[in-house]
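Visitor: Everything below, folded, please.
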Amino acid sequence: MTFYALLRRFGSAEMALDALPRLSRQARVATRHEAERELAAIEHLGGRLLCRGEPLYPATLAAVEDAPPVLTVLGRAELLSAPIVAVVGARNASANGRRLARELAAGLAEAGIIVASGMARGIDAAAHLGALAIGDGGTIAVVAGGADVVYPEENRGLYDAIRESGAIIAELPLDAEPQARHFPRRNRIISGISLGVVVVEAAAKSGSLITARYALEQGRDVFAVPGSPLDPRCRGCNDLLRNGATLTETAADIIGQLGPMVHDRAPAPVAAATQPRLKLRPPRPALAAPRPPVDGESALDLIVEHLGPSPVAVDELVRQCQLSAASVATLLLELELAGRIERHPGNLVSLR
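Guide: Prediction:
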């Protein structure tokens, strides 16, 4: 906001920089050498600095009052000009929530829509994986630190895949470590580049609800997946629905609501004779960093995190927790004897 106020006051960036020392004793203007060094570092990584006003700067974000003056982009900057929908949610997401996020993202990608998220664990990671499994893997990760900083470390494989097939964007300079105060600022960019924001699982007062609030302030559509009232991870979504968000179960619900906005910005279709038939593939194993060995207590906590009041298949738990079937069976038996889970027909389990 200060950046834009200075431009309005002085008319150009050059005049504003000249006036800064008079305005504030604490103001420090980077030297030309420092600026060139940062640009060279970005170029060395194969990225670019994208300034507001340039053709590739997202038009939807440029219309936001506090849009970042510059963005660092690693990967395919042209994706920022395509129709984008954000899919966000809880970090400690349930197995069902992660699966639904993956399927929603895959459905959006099949329709030619770019999926944006924050590359956090849980719903964010599942959304990126769903988009990467379709077509050319168009997905955008908006990170809270520098574009070259992987956070969390467990998503390093996912980071590398997004950087290769999609785009990673950041407001902060290279090497900047993400801090708590950076995440809400990051969330305004996620909603700002998007036509709509989909919230899959979100507890009350969660970061995902901050993204939804930014979306409403920016005039974006907000979508929410309903969940069990017994699951704290679903209270935020249910509250969004209570206040007018669009109930969402499939990608068609999102595409139907956005309608012309998607089609007006969609890239020209490929000729029917050459257009590949897109099919949902399972997430590539290489995208997920190998899970470090866990002891009995940690493995039990991992199983409980993926469970909720809604039944989930035991096979899905085995896949998402990256534990052996025998280990999962033993842990579920322990939880059942403790009265913490309930078994259902079809080899399904849920938390009591």
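Visitor: any idea of the pLDDT on residue 328?
Guide: Note for residue 328: predicted pLDDT of 89.
Visitor: Off-centre distance for the helix or strand where it lies?
Guide: Assigned by DSSP states H and E, residue 328 falls within helix 325-337. With Cα atoms, centre = their mean, to the nearest Å as the basis, helix 325-337 stands 32 Å off its chain's centre.
Visitor: Go ahead and name everything in contact with that helix.
Guide: Under the contact criterion Cβ atoms under 8 Å, 6 or more residues apart in numbering, helix 325-337 has outside partners 296, 299-300, 303-304, 314, 317-318, 321, 323, 341, 343, 349. In this view, the C-beta of every residue, glycine as well, is placed from N, C-alpha and C.
Visitor: just stretch 250-263 next, same as before
Guide: Stretch 250-263 is contacted by residues 83, 85, 103-104, 106-108, 110-111, 113, 195-196, 198, 221, 223, 246-248 when judged by Cβ under 8 Å, 6+ apart.
Visitor: hmm, back to that, buried ones only from the contacts of helix 325-337, please, as a PyMOL command.
Guide: In PyMOL syntax, the buried subset of the contacts of helix 325-337 is picked out as below (16 or more other Cβ atoms under 10 Å):
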select buried, resi 299+300+303+314+317+318+321+323+341+349
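Visitor: Which ones among the contacts of helix 325-337 lie within strands?
Guide: Here DSSP state E is the test, and the contacts of helix 325-337 give 341, 343, 349 as lying in strands.
Visitor: Centre-most residue in the chain?
Guide: The residue lying closest to the centre of the chain (Cα atoms, centre = their mean) is residue 117, at 1.3 Å.
Visitor: How much space separates that one from residue 197?
Guide: Between residue 117 and residue 197 the distance is 10 Å, computed by Cβ to Cβ, to the nearest Å.
Visitor: likewise residue 11?
Guide: From residue 11 to residue 197 the distance is 36 Å (Cβ to Cβ).
Visitor: just residue 96 next, same as before
Guide: Distance from residue 96 to residue 197, counting by Cβ to Cβ: 20 Å.
Visitor: what about those two, which has more around it?
Guide: Shown here are residue 96 and residue 197; by other Cβ atoms under 10 Å, residue 197 has more neighbours (29 against 25).
Visitor: Check the closest residue in space to residue 53 that isn't next to it in sequence and give its pLDDT.
Guide: In this structure, residue 53 finds its nearest non-sequential neighbour in residue 62, 7.5 Å apart by Cβ to Cβ, 6 or more residues apart in numbering. As predicted, residue 62 sits at a pLDDT of 95.
Visitor: Residue 62 and residue 216, how far apart?
Guide: Taking Cβ to Cβ, one finds residue 62 at 19 Å from residue 216.
Visitor: again with residue 144
Guide: From residue 144 to residue 216 the distance is 21 Å (Cβ to Cβ).
Visitor: Compare the two and say which is more crowded by neighbours.
Guide: Taking neighbours as other Cβ under 10 Å, residue 144 and residue 216 compare with residue 144 leading, 25 against 16.
Visitor: who touches the more buried one in this structure?
Guide: Residues near residue 144 by Cβ under 8 Å, 6+ apart: 118, 151, 170, 172, 178-179, 182-183, 185-186.
Visitor: Likewise for residue 306?
Guide: Residues near residue 306 by Cβ under 8 Å, 6+ apart: 94-95, 98, 312, 317, 320-321.
Visitor: In helices, which of the contacts of helix 325-337 fall?
Guide: Secondary structure defined by DSSP state H assigns 296, 299-300, 303-304, 314, 317-318, 321 of the contacts of helix 325-337 to helices.
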